[in-house]
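Visitor: Below is the structure, and that's it, no one-letter string:
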C-alpha cells in the first residue's frame, strides 16, 4: 500500500498522518472519526480539515 506520511511535533507530542488511495475513510487511533469525536462540530471540523476543501474526500483514506 503506497501512502504519504506527515509528521507534526509539539513539545513531547508527535502526530503521524498517513494518506492513501481509498474510499474516504478517516480513522483516528483505529476508530472512525465520527465515533472518536463525540460532538458534531468536532467531527465536521475533522472532515473539513481532511481533503474536503479540495474535493478529494471520497478518493483518499486518512489514518491519524
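Guide: That came through, no problem. Quick caveat: nothing in here was measured; it's all calculated off a predicted structure. Numbers count the residues shown, from 1 in each chain.
Visitor: The residue lying closest to residue 8 once chain neighbours are set aside: neighbour count?
Guide: Among residues not flanking residue 8 along the chain, residue 15 sits closest, at 4.4 Å (C-beta to C-beta, 6 or more residues apart in numbering). Just so you know, the C-beta spots here come from the backbone N, C-alpha and C atoms, and that holds for glycine as well. Around residue 15 there are 10 other residues, counting by other C-beta atoms under 10 Å.
Visitor: Low-confidence stretches in the chain?
Guide: 1, 50 (pLDDT under 70).
Visitor: mind running it again at 80?
Guide: 1, 46, 49-53 (pLDDT under 80).
Visitor: and the residue nearest to residue 8, what does it touch?
Guide: 7, 8, 9, 64 (C-beta atoms under 8 Å, 6 or more residues apart in numbering).
Visitor: and it, what helix or strand is that in?
Guide: strand 13-21 (DSSP states H and E).
Visitor: Pull the distance from that strand to the chain's centre.
Guide: In terms of C-alpha atoms, centre = their mean, to the nearest Å, the centre of strand 13-21 is set 7 Å apart from its chain centre.
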